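Enquirer: let's see this in three dimensions:
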Amino acid sequence: MPRPKAERPVPPPASRRSLAAGGLGLAAAAYVGVDYLSRASPSLHGRLQPAIWAALALATAARAPFYRRWDAEIRAAPWFLAAMLLMLAALLCEAISVRFVSSVLGLRWHRKRTGDGYQWEYGF
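Expert: Below you'll find the predicted structure:
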């Protein structure tokens, strides 16, 4: 006998939604508009960019206390930080390897071209 499906919550009608629900699209459009001003009017962009950053920071700080899943975020934080440390360790190993190879081969090995310049593609 099949189990009955759980009912999904029905969102409130559009007339009862707050304006904050559609605020993300408005904020994205404002951010893109201010970013476009960097080419159209750099002086206006220089004044509006800090203002939009401050407005976005204030909006985020105002909504943070009402976030429902803080417990899941806090449980996931140690794993996230461990992954970041792993990636930084991998980057450090790669930087050390590149530095070692560059010092062993000499710092001029990539400047000196022989042949037609495509010998590295053919494995010669």
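
Enquirer: from now on I want contacts and neighbour counts done on CA atoms only, so please keep to that.
Expert: OK.

Enquirer: got the residue ranges for the helices in the protein?
Expert: In the chain, the helices defined using DSSP state H lie at 23-40, 42-63, 70-105, 119-122.

Enquirer: so which of the ones you listed gets nearest residue 5?
Expert: helix 70-105 (25.5 Å; C-alpha to C-alpha).

Enquirer: average pLDDT for that closest one?
Expert: Throughout helix 70-105, pLDDT has a mean value of 90.

Enquirer: ok, how many other residues are close to residue 37?
Expert: 17 (other C-alpha atoms under 10 Å).

Enquirer: include distance to residue 2 when you put the helices of the chain into TSV, please.
Expert: Putting the helices of the chain into TSV (distance: least, C-alpha to C-alpha, whole Å) gives the following:
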stretch	distance to residue 2
helix 23-40	40
helix 42-63	41
helix 70-105	32
helix 119-122	61
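
Enquirer: which one, of these, ends up nearest to residue 4?
Expert: In terms of C-alpha to C-alpha, the element of these nearest to residue 4 is helix 70-105, at 28.3 Å.

Enquirer: now do the closest one: which elements does it pack against?
Expert: If you count contacts as 3 or more C-alpha pairs under 8 Å, 6 or more residues apart in numbering; DSSP states H and E, helix 70-105 packs onto no helix or strand.

Enquirer: just give me how far that helix sits from the chain centre.
Expert: Relative to its chain's centre, helix 70-105 lies at 17 Å (C-alpha atoms, centre = their mean, to the nearest Å).

Enquirer: who touches the residue positioned nearest the centre of the chain in this structure?
Expert: Centroid-nearest residue in the chain: residue 84, 13.6 Å away (criterion: C-alpha atoms, centre = their mean). Counting by C-alpha atoms under 8 Å, 6 or more residues apart in numbering, residue 84 touches no other residue.

Enquirer: now residue 6: phi and psi?
Expert: phi -70, psi 140 (degrees, to the nearest 10).

Enquirer: domain ranges for this protein?
Expert: Following automatic domain parsing, one finds the domains of the chain at 20-66, 68-112.
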